[in-house]
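**Student:** Starting from these lines, generate the structure:
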Amino acid sequence: MMGDSSAARIWLGRLIFAACGGALIFINLIPLRFSPQLVPRPDLLLALTFAFALRRPEFVPIWLLAGGFLMADILMLRPLGLWTAIVILAVEFSRMQEYRFRELVFPFEWTFVAAVMFLALLANRMVLALSMVPQPGFGSVMLHYLATVLAYPLVVFVCYYILRVQKITPDQAIRFGYRL
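**Tutor:** Predicted coordinates:
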């Protein structure tokens, strides 16, 4: 009976992540302003993914990440699969480091996520440059990155207080086979 409850909780968490991700993709497709923006919209899907992966890694399996980000690549007309692959690598790296952030305060997690996002951004730009694909200017990409990093605490706040996605406890880590 206990296994059914935890399996249902995991699937509910995955459903919440998928629904939030789908809503964020839909919101990104809606033209909210018809004039140029001074500050770009943050990548809330990326921030949400890191927030879930560092709190409840079992809610964000690779197949769900791949499907969601591949759909985002298609709908946002990005090079097919490149950003998806980079995000999967970054999230899997972060998932392996999750045990380090269970007991630490939030600024350490925020710094870690900002660094991983920056490395993902550089990897994306490097592959696009090697492929000779036209890219937006580095300044505008950095503004987008900074907006995403500054939005991360808000996303974590929403995950914790509204969606009730809390960090995994050491007891749950043992049950799911994560590192202590």
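**Student:** Now do the strands in this protein.
**Tutor:** Using DSSP state E, the chain contains no strands.
**Student:** Next, count neighbours for residue 100.
**Tutor:** Using other Cβ atoms under 10 Å, residue 100 has 13 other residues around it. In short, each C-beta sits where N, CA and C put it, glycine included.
**Student:** try residue 87
**Tutor:** Based on other Cβ under 10 Å, the number of other residues close to residue 87 is 24.
**Student:** got it, and the one 4 residues further on?
**Tutor:** Residue 91 sits with 23 neighbouring residues when counted by other Cβ under 10 Å.
**Student:** where in the chain is pLDDT low?
**Tutor:** Residue ranges of the chain with pLDDT under 70: 1-4, 179-180.
**Student:** 50 instead, please
**Tutor:** 1-2 (pLDDT under 50).
**Student:** In it, which residue is most central in space?
**Tutor:** residue 49 (2.3 Å; Cα atoms, centre = their mean).
**Student:** Spit out the contact partners of the residue nearest to residue 21 when sequence neighbours are not counted.
**Tutor:** Using Cβ to Cβ, 6 or more residues apart in numbering and skipping the chain neighbours, the partner closest in space to residue 21 is residue 68 (4.7 Å). Taking Cβ atoms under 8 Å, 6 or more residues apart in numbering, we find residue 68 in contact with 18, 21, 22, 25, 45.
**Student:** Tell me the one of these nearest residue 12?
**Tutor:** residue 18 (10.7 Å; Cβ to Cβ).
**Student:** Cross-check the contact I'm expecting between the closest one and residue 64.
**Tutor:** Yes. Residue 18 lies in contact with residue 64 (Cβ atoms under 8 Å); the separation is 6.2 Å.
**Student:** Need the residues that contact stretch 160-180.
**Tutor:** 6, 13, 16, 20, 51-52, 54-59, 98-99, 101-102, 159.
**Student:** Give me the buried entries from the residues you listed.
**Tutor:** 13, 16, 20, 51-52, 54-59, 98, 101-102, 159 (16 or more other Cβ atoms under 10 Å).
**Student:** got any residues that touch both of residue 18 and residue 64?
**Tutor:** By Cβ under 8 Å, 6+ apart, no residue touches both residue 18 and residue 64.
**Student:** what about residue 135, neighbour count?
**Tutor:** Neighbour number of residue 135 under other Cβ under 10 Å is 13.
**Student:** Spatially, which residue comes closest to it, not counting chain neighbours?
**Tutor:** Residue 135 sits nearest to residue 128 (Cβ to Cβ, 6+ apart), 5.2 Å away.
**Student:** Next: residue 78.
**Tutor:** residue 72 (7.5 Å).
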